[in-house]
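Novice: Sequence and predicted structure, then a few things I'm wondering about:
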Amino acid sequence: MKDESSMLTSLIEYLETNNSFEFIAREVPFCYGLRRADLVTCDKCSFETTAYEVKSDSDNLVKLEEQLKDYKEVFNYVYVVTTKKHLVNVRKVGLWFGIIIIDDNKKVSLLRKPRFRSKLNLSKIRSSMVKNIKSSENIHEAFSEWLKQRYVPLYEIFKKEKNKQSIDAHDLQILSLRDVNLKKI
């Protein structure tokens, strides 16, 4: 699987088939705007968030360990989505994150489930949000609600607009605030 776009379409189709989400979003900024999660989901029944870092065959893993350090401070669950090419090196980074493999035939396989992370970095979560929250608020709930306000409308448009056969590049653009112009949709 050579390109990230193909991997994302396969991953989203897999996730939607096997889960129920409040939203799926692409390129979600976090950690003072220094990082962008390739994909973020929020469970419908909880305030738990899951981030997915996608590493295609054309990517290198030089920054992966540093990226994952930031991911684990903001999101409850973290997955690395990769190919067989990078599997050995991804496993060397740690045991706490989940691993999903996508092969050349676009088959998605869950290799390892992530560990739940309840102790998150409150300042990094706050830095990811535009609105100020009171220190007395439940940070997980406030973060989840803030994400929902931003991304549920895009996800609803995505579900209405996506090609019924398979997800295409236009569909992926809808899931990103960076790529979408809501006036055109």
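Specialist: Received it, and whenever you're ready, just let me know what you need. Numbers count the residues shown, from 1 in each chain.

Novice: quick one: average confidence on stretch 140-149?
Specialist: The pLDDT scores in stretch 140-149 average 84.

Novice: Keeping just the C-alphas, turn that stretch into CSV.
Specialist: Output in CSV follows, covering the C-alpha atoms of stretch 140-149 (Å, rounded to 0.1, in the frame of the first residue of the first chain):
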residue,chain,number,x,y,z
HIS,A,140,-12.1,14.8,28.9
GLU,A,141,-15.8,15.7,28.5
ALA,A,142,-15.0,19.2,27.5
PHE,A,143,-12.4,18.1,24.9
SER,A,144,-14.8,15.5,23.5
GLU,A,145,-17.6,18.0,23.3
TRP,A,146,-15.4,20.6,21.6
LEU,A,147,-14.3,18.0,19.0
LYS,A,148,-17.9,17.0,18.4
GLN,A,149,-18.9,20.6,17.8
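
Novice: Could I get the buried residue list for it?
Specialist: 140, 142-148 (16 or more other CB atoms under 10 Å). C-beta: built from backbone N, CA, C; applies to glycine.

Novice: Next one: residue 8 relative to residue 172, how far apart?
Specialist: Distance, residue 8 to residue 172, using CB to CB, to the nearest Å: 6 Å.

Novice: okay, and the common contacts of these two?
Specialist: residue 26 (CB atoms under 8 Å, 6 or more residues apart in numbering).

Novice: Give me the more crowded residue out of those two.
Specialist: Per other CB atoms under 10 Å, whichever of residue 8 and residue 172 has more neighbours is residue 8, with 24 against 20.

Novice: Specify the beta-bridge partners of residue 52.
Specialist: Counting by DSSP bridges, residue 52 is bridged to residue 39, residue 79.

Novice: isn't it right next to residue 39, touching?
Specialist: Yes - contact criterion CB atoms under 8 Å: residue 52 and residue 39 qualify, at 4.0 Å.

Novice: Give the intersection of the neighbour lists for these two.
Specialist: Listed as contacting both residue 52 and residue 39 by CB under 8 Å, 6+ apart are 11, 81.

Novice: follow-up on the earlier one: now, the buried residues of stretch 140-149 that are in helices?
Specialist: Using DSSP state H, the subset of these located in helices is 140, 142-148.

Novice: can you put the buried residues of stretch 140-149 in JSON lines and add distance to residue 82?
Specialist: Listed next are the buried residues of stretch 140-149 as JSON lines, based on distance: CB to CB, whole Å:
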{"residue": "140", "distance to residue 82": "28"}
{"residue": "142", "distance to residue 82": "32"}
{"residue": "143", "distance to residue 82": "26"}
{"residue": "144", "distance to residue 82": "27"}
{"residue": "145", "distance to residue 82": "31"}
{"residue": "146", "distance to residue 82": "29"}
{"residue": "147", "distance to residue 82": "24"}
{"residue": "148", "distance to residue 82": "28"}
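
Novice: Keeping just the C-alphas, turn the helix or strand of the chain with the lowest mean pLDDT into PDB.
Specialist: In the chain, no helix or strand scores lower on mean pLDDT, DSSP states H and E than helix 122-128, which sits at a mean of 78. Provided in PDB are the C-alpha atoms of helix 122-128 (Å, rounded to 0.1, in the frame of the first residue of the first chain):
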ATOM      1  CA  LEU A 122      -4.300  18.600  30.500                       C
ATOM      2  CA  SER A 123      -2.300  21.500  29.200                       C
ATOM      3  CA  LYS A 124      -1.800  19.800  25.900                       C
ATOM      4  CA  ILE A 125      -5.500  19.000  25.700                       C
ATOM      5  CA  ARG A 126      -6.300  22.600  26.500                       C
ATOM      6  CA  SER A 127      -3.900  23.900  23.900                       C
ATOM      7  CA  SER A 128      -5.700  21.800  21.300                       C
END
